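Student: Provided below for reference: sequence and predicted model.
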Amino acid sequence: MASAELIVGQQENVAAIGVVAVDNVADIKRQMEQTIAELNTDKGLIILTDIVGGTPMNLASSQLTHPNVFCLFGFEFTFIARSADEP
């Protein structure tokens, strides 16, 4: 998110969770749940992930039980940066 904010400016009510191969899946899931709880989801929450079928996508899918949470998969940096610049 820091790279996108360099282009489009600071964003409110936005979070990014970095995932690398050595991360513990249970820890990532816990972090994702905590982050969702901290964000204002009244108007909805969109989770964007990169690789379809990857760990971030699978964990994001598990969050669809929350009201107003949606997941979109297969995105790369340019799309995410442009999305941050839209109202």
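Tutor: Arrived safely. Numbering: from 1, shown residues only.
Student: switch to C-alpha atoms for all contacts and neighbour counts from now on
Tutor: OK.
Student: Just grab the bridge partners of the residue sitting nearest the centre point of the chain for me.
Tutor: Centroid-nearest residue in the chain: Ile47, 3.9 Å away (criterion: C-alpha atoms, centre = their mean). Beta-bridge pairing for Ile47 (DSSP bridges): Cys71.
Student: is it true that it touches Cys71?
Tutor: Yes: between Ile47 and Cys71 there is a contact under C-alpha atoms under 8 Å: 4.7 Å.
Student: Show me whatever sits in contact with both of those two.
Tutor: Ala60 (C-alpha atoms under 8 Å, 6 or more residues apart in numbering).
Student: if we can go back for a sec, please give me every residue in contact with the residue nearest to the centre of the chain.
Tutor: Counting by C-alpha under 8 Å, 6+ apart, Ile47 touches 60, 69-72.
Student: can you tell me which two in the residues you listed are farthest apart?
Tutor: Val69 and Leu72 (10.3 Å; C-alpha to C-alpha).
Student: Those two: which is more packed in?
Tutor: For Val69 versus Leu72, neighbours defined as other C-alpha atoms under 10 Å are more numerous around Val69 (18 against 14).
Student: so where's the protein shaky on pLDDT?
Tutor: Along the chain, segments meeting pLDDT under 70 span 1, 3-5, 77, 80-81, 84-87.
Student: what's the longest helix in it?
Tutor: Counting by DSSP state H, the longest helix found in the chain is helix 25-38.
Student: what residues does it touch?
Tutor: Taking C-alpha under 8 Å, 6+ apart as the rule, helix 25-38 contacts 15, 17, 19, 55, 59-60, 63.
Student: what comes up buried for that helix?
Tutor: 28-29, 32-33, 36 (16 or more other C-alpha atoms under 10 Å).
Student: Out of those residues, which is nearest to Asp42?
Tutor: Nearest to Asp42 among the buried residues of helix 25-38: Ile36, at 11.4 Å, using C-alpha to C-alpha.
Student: Tell me how far that closest one lies from Asp50.
Tutor: Distance from Ile36 to Asp50, counting by C-alpha to C-alpha, to the nearest Å: 18 Å.
Student: Okay then, goodbye and thanks.
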